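S.K.: Kindly return the folded structure for what I paste below:
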Amino acid sequence: MSSSDSRNGKDREATTLSRRSIFKMGLATGIAVPMSALGQAPNRLRPQPGDQLVFEEGANQDELVRPELLELEQRPLSALARDPETQVLRDGSRLNRVMITRIDPQKLTARYQANAAEGVIAYSAVCTHTGCDVINWDAGQLRMACPCHESQFDIYDGANVVGGPAPRPLAMLPLEVVDGVVIVAAGFRGRVGFTQQF
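M.R.: Numbering: from 1, shown residues only. The predicted structure is shown next:
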């Protein structure tokens, strides 16, 4: 290899920055680095504060979530977050799906009340056991349930596990209502997804 080839290779190495390096530089300098610069597509980002929730299923599919469109203590419906400015639906990862329902806010455990908005609550749709979608509903007990291994989660107690092998509660997505529309107030409370079981 000639000295010029060697020099070109070193120059190429010097100009190629890893995503981690870019992120660290942003933290060190206080400059915000857009996630798209790090290779994260906007539709794969977790729900962001200010995102609107949109029904993914049911009679109001593709409409904005409003409290009056949810019946009290009905089977939770799946929803996704949408950036109100770009209209990007955060559907690039199944970890972004949430299950929403409306509850009596007075019955919600006190430590979780700040995460509900006019009785609307949202939990991650992914079971913490092996990652199945938590789509079953026990109407008598008001519990979300996983069809794979029968883990059950109490909607009135922060989706804490009340049955089955799930090792932890479902992550809760804090909400607020602005101009009648349910929006994301903050990032997930708790870890989204599951822990590999050995």
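S.K.: from here on, contacts and neighbour counts on C-alpha atoms
M.R.: Noted.
S.K.: for stretch 50-59, the distance to its chain's centre please.
M.R.: Between the mean C-alpha point of stretch 50-59 and the mean C-alpha point of its chain there is a distance of 12 Å (Cα atoms, centre = their mean, to the nearest Å).
S.K.: sorry, that was for stretch 78-89
M.R.: Counting by Cα atoms, centre = their mean, stretch 78-89 comes out at 12 Å from the chain centroid.
S.K.: Give me the distance between the two termini of that stretch.
M.R.: Start to finish, the residues bounding stretch 78-89 are 13 Å apart (Cα to Cα, to the nearest Å).
S.K.: now swap in stretch 95-110 and tell me
M.R.: The first and final residues of stretch 95-110 sit 26 Å from each other (Cα to Cα).
S.K.: how near is the closest residue to N115 other than its chain neighbours to E63?
M.R.: The shortest distance from N115 to any residue other than its chain neighbours is 4.0 Å, reached at P174 (Cα to Cα, 6 or more residues apart in numbering). Counting by Cα to Cα, the gap from P174 to E63 is 20 Å.
S.K.: Which one of those two is surrounded by more residues?
M.R.: Summary of the neighbour comparison: P174 and E63, criterion other Cα atoms under 10 Å, with P174 having more neighbours (23 against 15).
S.K.: list the contacts for that one?
M.R.: For P174, the contacting residues are A114, N115, A116, I121, A122, V184, A185, A186, G187, F188, R189, taking Cα atoms under 8 Å, 6 or more residues apart in numbering as the criterion.
S.K.: what's the answer for P49, then?
M.R.: With contacts taken as Cα under 8 Å, 6+ apart, P49 has the following neighbours: I183, V184, A185, A186, G187.
S.K.: Can you select the buried ones among these for me in ChimeraX?
M.R.: With 16 or more other Cα atoms under 10 Å as the criterion, this ChimeraX line picks the buried residues out of those:
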select :183,184,185,186
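S.K.: closest to Q52 among the contacts of P49?
M.R.: I183 (4.3 Å; Cα to Cα).
S.K.: In the sheet, which residues pair with that closest one? Tell me.
M.R.: The residues listed as beta-bridge partners of I183 by DSSP bridges are Q52, E176.
S.K.: Hmm, Q48 and it touching each other?
M.R.: No: in this structure I183 lies outside contact range of Q48 using Cα atoms under 8 Å: 9.2 Å.
S.K.: Got the phi and psi for the residue nearest to the spatial centre of the chain?
M.R.: Central residue check for the chain by Cα atoms, centre = their mean: the C-alpha nearest the mean position is that of N96, 4.0 Å away. Main-chain dihedrals, N96, degrees, to the nearest 10: phi -90, psi -10.
S.K.: what's near enough to touch it?
M.R.: R44, L45, R46, P47, L80, A81, R90, S124.
S.K.: Please apply the same query to A186.
M.R.: Listed by Cα under 8 Å, 6+ apart, the contact partners of A186 are Q48, P49, L173, P174, L175.
S.K.: Keep only those of these that are in strands.
M.R.: Using DSSP state E, the subset of those located in strands is L175.
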